[in-house]
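**Student:** Pasted the sequence and its predicted model underneath.
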Amino acid sequence: MQNKKLSVVIPTLQKKVELLVNLIKMLDKDDSVSEIILIDNSCKGFSSESSKLRVIVPKENLYVNPSWNLGVKEAKEDIVALLNDDISISNNFCTKVVNQMTPDMGCVGYSVDYIEETQGEMPIPEDTDIILEKTSTRCNSWGIAIFFYKTSYSPIPEELKIYCGDDWIFLQNKINNRDNYHICGQKIYHYGSLTSKTKSLNPIGKRDRKLYRKLTRKWWQFIFNFEPVFRGFKLTIFWMEWTFHYNKKH
């Protein structure tokens, strides 16, 4: 069976260049990857021997969500992957995912059960089978690797800069009656929030979360709301929120 083709989009601030270089090398060897679009939010420029690489250097930091929108717009293939720049993937990882995808799917993101967080060595994960499991709720770190047909991507509101972009595209697929999925069976290494945990970005994150709630909730849901989350639920009473999980990994 001929492999499907996809475009890979990677926003980066080049916090860990060696991780980014290794990721591009792995993607370059994957036959299903026809292009790698690097959104260089460091504005420093980036060079690589990969013939698949296309670097876009904006005038200023676009942040993650606008970078995703731009990457999807620039992508030439019908299937797109949004990847973190701080992950280590197995051989032919993208091929194994896209060959199981169909156009009627929503978005496919990563299951937290197969993500190994580390701030040390980043080996290449052992090559194992991938399973795509339907899910009605998004787990933490789902957005480190998201795959979709362009028809399943709803552009993220430009006001949302860093957070809630994965929440937005997940929710829009649910609204449009498309099933979202978790990638299971294949371990992935994640260095862990090189950018999003930076203290200077905390005010942006707080604003993003507040704006996302405003964009996606009815007024009465701020007074009382009960909603399922991955392995748990969230309760809202008079603008106060509590989230309860059935186990630590969510």
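**Tutor:** It's in.
**Student:** For Leu27, which non-adjacent residue is spatially closest?
**Tutor:** If you skip the residues right next to it in sequence, Leu27 has Val33 as its closest partner in space, 4.9 Å away by CB to CB, 6 or more residues apart in numbering. Glycine gets a C-beta too; all of them are placed from N, C-alpha and C.
**Student:** How much space separates the one you found from Arg178?
**Tutor:** For Val33, the distance to Arg178 (CB to CB, to the nearest Å) stands at 24 Å.
**Student:** about what we covered before: so the residue nearest to Leu27 bridges to which residues?
**Tutor:** According to DSSP bridges, the residues that bridge with Val33 are Leu6.
**Student:** That one: what's it in contact with?
**Tutor:** Counting by CB atoms under 8 Å, 6 or more residues apart in numbering, Val33 touches Lys5, Leu6, Ser7, Val8, Leu27, Lys52, Cys94.
**Student:** out of those residues, which is most surrounded?
**Tutor:** Within these, most neighbours by other CB atoms under 10 Å means Val8, with 28 neighbours.
**Student:** Am I right that that residue falls within a helix?
**Tutor:** No. Membership of Val8 in a helix is not supported by DSSP: H, G, I helix; E, B strand; the rest coil, which gives strand.
**Student:** any idea how far it lies from Arg213?
**Tutor:** Separation of Val8 from Arg213 (CB to CB) stands at 31 Å.
**Student:** hey, which helix is longest across the chain?
**Tutor:** Longest helix in the chain by number of residues (criterion: DSSP state H): helix 202-216.
**Student:** Tell me which helix or strand comes right after it.
**Tutor:** Toward the C-terminal end, the helix or strand that comes next after helix 202-216 (DSSP states H and E) is strand 224-229.
**Student:** quick one, domains of the protein?
**Tutor:** The chain is divided into the following domains under automatic domain parsing: 6-198, 201-245.
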